[in-house]
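Asks: sharing a model that was predicted from the sequence below.
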Amino acid sequence: MTINTLAKGGCHREQMACFRKMEKVIVAMQDPDMGMKMRNQRLLITVIPHAMTGHDIIAWLTHKYRISEEESLHLGNMLVKYGYIYPLKEPRCLVLRPDESPYRFQVRPLSMSILPTFYNPAIYLAKKNIRKQGELMEYEKERYSLLHKRINHTWDFVVMQAREQLRASKQRRKADRIVLECQEQAYWLINRPPIKYECIEHIKGSSSCLCLQIEACRKALGRNRVKSSICLEGFLKYSEQYLNHDPIMQGCLPSNPWISDDTAHWTMNAEIVPVPTRLRVERWSFSFMELLNDAMGRREFMTYLEKEFSAENLYFWQACEDIRHGESSKIVEKVEDIYKNFLAPGAARWVNIDSKTMDKTLEGIKRPHRFVMDDAQMHIYFLMKKDSYPRYLKSDLYKNMLAKAIVPQETKKSVFPFMRRQRHSSPSPAQTATQAAEEEGLAKGAGANSAAGSHF
Amino acid sequence: MCVCVCVCVCVCVCVCVCVCVCVCVCVHFYLNCNNMKYMRSPPTPEMATQEVPLNETLAHLKTESETLKSKLEEERAKLHDVELHQVAEKVEGLGQFVMKTRRTLKGHGNKVLCMDWCKDKRRIVSSSQDGKVIVWDAFTTNKEHAVTMPCTWVMACAYAPSGCAVACGGLDNKCSVYPLSLDKNENLAAKKKSVAMHTNYLSACSFTNSDMQILTSSGDGTCALWDVESGQLLQSFHGHAADVLCLDLAPSETGNTFVSGGCDKKANVWDMRSGQCIQSFETHESDINSVRYYPSGDAFASGSDDATCRLYDLRADREVAIYSKDSIIFGVSSVDFSLSGRLLFGGYNDYTINVWDVLKGTRVSILFGHENRVSTLRVSPDGTAFCTGSWDHTLRIWA
């Protein structure tokens, strides 16, 4: 669905697919063999033929689609709301009741040219106006006056037709009258006149669009693909590996803050903690990206690299990330810094890149842009991933971290389960940033004024 | 220049010969002139096409496009040796699923259209039809900031990775960034920065790995990457034939791609550096309202008005699963994965949330609670809960 249709009140585009599906359900319900069993239903003292109860509808849906009763009630409600089934008791209230209330299938015109007369909006409103002696609803009043203006020349005919229909209905059997009235009312409740809208279609030079598509297809034909069996195994492995880390699947220790109102889980897993949890440290071994994405993991890895005298790799990688995601205005100066510190011959933290990449990068530096370091960065990333990372996982540093890591105790449910823990606020990330800036300012001003202490 | 010399015929014998020659010369000249100016040369193949009406060229392109597409499907099918649910037979089934609404956030005066989590795992930003953008601490349900946009239908909002700003936009065709100030008296709207400019409504926006760049998608059929500081357009992405409704950034090592879904029923994967569309998938039967990457980055899920969610594998280059049920009739507005990728949550237009087992393809649970359509759904950054926003003016946290 697009806003262009929504904002102007229509939603036909998106609902086309829904209507088709709902009609499938209705057709199945009306199937002579497997569909709903229609019977006479009692409405107070009148007997309505060929109707069904709310309870029957729910039972049929539950059986047919193998869903719960709650879901059947929900689905049935939708069918009533969209007018495929209408209620005979309280026809203004389009709700499915799971009891003996009678319902019927709405009549759908096969072709708009042979409309039963009750589909004519003018006649319907004229009838209502006469019956209710002018007491129409607001939107009905509007529509009535609009129609009156539009077909003023045939208005006498409309009123005459309306009077005829009202007279004829008085002579009908009560059962028929009730059914027809409900049918009509339900139809008009659903089919309130839509506000006209213009569907904005994008006809973007069809031939250029097709040319793009052809190009894309040609490229796609040439790509390498991996067998499904291999790819799909990947999903199984991933889900299994992360199962214990998925709080919705396995719960989390000590408890899920949203359920227990206890924020211990978040405190224990904050960005920097004295001792990390075991699950967190385990996760560093899943992939190199997991290690680098965790601030503590990265810090640990840096410590390890310092010991191995290859820390310049990680510093270089971080500096390149900074260029890629940083401000456009600082790119040139940052590239300069990287060259000075990492690439220039005799640099303090010279990184070992293969000559081809080095040449390409040095060439690119002459015209620095956001992605100029990409090749070099990727080279160093994969170097660390293939070499330093596996050795880190086997190192004592990592193993000790894992051994020290805490496994939180599951919080026992409180003695009074209905008593809620107090929910404490946490400092907003925006606040920590402002505070840091304030502290900087204070430090700068400390020289000029005597230290005033914190002021809040 | 045409020179026509008419010579009268002389009866004299010696003259006859002369006359004949003259006539020949005249005719020769005449014929040449006509060739150059008046007579058309026999049509060459190129010229023939130019004279053929444009419709036929379009038809020709269409047939070529169709032929290539079916060839592509054939190629994709060759390597498809097994279905996901078959591979997943050996995996244990999921037990009873109990998730409830743990928080209800009330405060919006109209339909909630979009929301996003902050990296601190408890704060969220939400936007609604009446132009209000609210930042909440979802844990305490307190509202921390509120901004009124100058337009209605704010369909996109995003939290900056630092937690210090939010971006939002909608019918104003722009994406604006608001730095979050803690001074209660300060008008957030005063520090607003207009970053993106499209020629139609903004449907989605997302910060990339930092506060400095924003990726947007729009009803004008394009996506674009912007520099926040300068408002400069860094890259634009053309290829959708209709409104682009959603996008998601890939969690890959190289972090250079994103996927977008649109009203042309296509999901496209783009290279952020070059602006090229690297992969395209067209199996949905209606508008794609939401796309989300699988946590490993090797696949993505999409939700559409055709009431199905589908999983596309990027290495196999094809759709590998469809999540649908006959009793599910209404479109999907929003999808997201649980942390391990085992569960797929879908927010539907019939007010419900369906939970799918990604591997087995079965529906695990259906959640009721909202009183109008669910317009947005996101799992929290640490996977402890997910949040839904609805046209019933509320947001709910489920866990």
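Replies: Yep, it's here. Residues are numbered from 1 along each chain as shown, chains lettered A, B, ... in the order given.

Asks: which bits of the stretch 351-456 of chain A sit near chain B?
Replies: Within the stretch 351-456 of chain A, the positions lying close to chain B (Cβ under 8 Å from any Cβ of the partner chain) are A:370-371, A:374, A:378, A:381, A:423-426, A:428-431, A:433-434. Heads up, the C-betas are built off the backbone N, CA and C, glycines and all.

Asks: chain neighbours aside, what residue packs nearest to the residue in chain B that chain A sits nearest to?
Replies: Closest to chain A within chain B is B:G163: 2.6 Å, counting by Cβ to the nearest Cβ. Once its chain neighbours are removed from consideration, B:G163 has its nearest residue in A:P429; the separation is 2.6 Å (Cβ to Cβ, 6 or more residues apart in numbering or on different chains).

Asks: roughly how far does the one you found sit from B:E229?
Replies: In this structure, A:P429 and B:E229 are separated by 20 Å, where distance is defined by Cβ to Cβ, to the nearest Å.

Asks: more neighbours: which of those two?
Replies: A:P429 (20 against 17; other Cβ atoms under 10 Å in any protein chain shown).

Asks: so B:R76 makes contact with B:R315?
Replies: No. Taking contact to mean Cβ atoms under 8 Å, the distance of 11.7 Å between B:R76 and B:R315 leaves them out of contact.

Asks: quick one: pLDDT of residue 262?
Replies: Since you didn't name a chain, this refers to chain A. A:D262 carries a pLDDT score of 90 in this model.

Asks: wrong one, chain B
Replies: In the prediction, the pLDDT value recorded for B:G262 is 95.

Asks: got the contact list for it?
Replies: B:G262 makes contact with B:221, B:240-245, B:268, B:287-288, according to Cβ atoms under 8 Å, 6 or more residues apart in numbering or on different chains.

Asks: what residues sit buried inside stretch B:183-200?
Replies: Residues B:188, B:192, B:195-198, B:200 are the ones in stretch B:183-200 that count as buried (16 or more other Cβ atoms under 10 Å in any protein chain shown).

Asks: where in the stretch 101-250 of chain A is pLDDT low?
Replies: Where the stretch 101-250 of chain A drops to pLDDT under 70, the residues are A:108-119, A:191-206.

Asks: which stretches in it count as strands?
Replies: Counting by DSSP state E, counting those that start in this stretch, one finds strands in the stretch 101-250 of chain A at the ranges A:102-105.

Asks: returning to that earlier point: overlap of the contact sets of B:R76 and B:R315?
Replies: Taking Cβ under 8 Å, 6+ apart as the contact rule, B:R76 and B:R315 both touch A:R225.

Asks: look at those two and report which has more neighbours.
Replies: In this comparison of B:R76 against B:R315, neighbours counted by other Cβ under 10 Å, the higher total goes to B:R76 at 19 against 16.

Asks: now the more buried one, what's its secondary structure?
Replies: For B:R76, the secondary-structure state derived from DSSP: H, G, I helix; E, B strand; the rest coil is helix.

Asks: which ones are touching it?
Replies: Counting by Cβ under 8 Å, 6+ apart, B:R76 touches A:225, B:316-318.

Asks: could you find the lowest-pLDDT member of these?
Replies: Lowest-confidence member of the contacts of B:R76: A:R225, scoring 90 (pLDDT).

Asks: give me the neighbour count for that residue.
Replies: By other Cβ under 10 Å, the burial measure for A:R225, its neighbour count, is 17.

Asks: I figured it hits B:D317, correct?
Replies: Yes. Under the criterion of Cβ under 8 Å, A:R225 makes contact with B:D317 at 4.9 Å.

Asks: do you know the pLDDT at the one residue in the stretch 351-456 of chain A that gets nearest to chain B?
Replies: Nearest to chain B in the stretch 351-456 of chain A, going by Cβ to the nearest Cβ, is A:P429, at a distance of 2.6 Å. What the model reports for A:P429 is a pLDDT of 80.

Asks: give me the secondary structure label for the closest residue to B:I328 other than its chain neighbours.
Replies: Of all residues beyond its chain neighbours, the one nearest B:I328 is B:A307 (5.2 Å), with distances taken as Cβ to Cβ, 6+ apart. Judged by three-state DSSP, the three-state class of B:A307 is coil.

Asks: please tell me how far B:A307 sits from A:D33.
Replies: Look at B:A307 and A:D33: by Cβ to Cβ, they are 27 Å apart.

Asks: when those two are compared, which one has more neighbours?
Replies: B:A307 (26 against 4).

Asks: how about the contacts made by the more buried one?
Replies: Under the criterion of Cβ under 8 Å, 6+ apart, the contact list for B:A307 reads A:17-18, A:21, B:324, B:328-332, B:348.

Asks: so what pLDDT did the residue nearest to B:I328 get?
Replies: Per-residue confidence (pLDDT) for B:A307: 95.

Asks: against A:M16, how distant is it?
Replies: With the distance defined as Cβ to Cβ, B:A307 ends up 12 Å from A:M16.

Asks: A:Y381: neighbour count?
Replies: As a burial measure, the neighbour count of A:Y381 was computed by other Cβ under 10 Å and equals 21.
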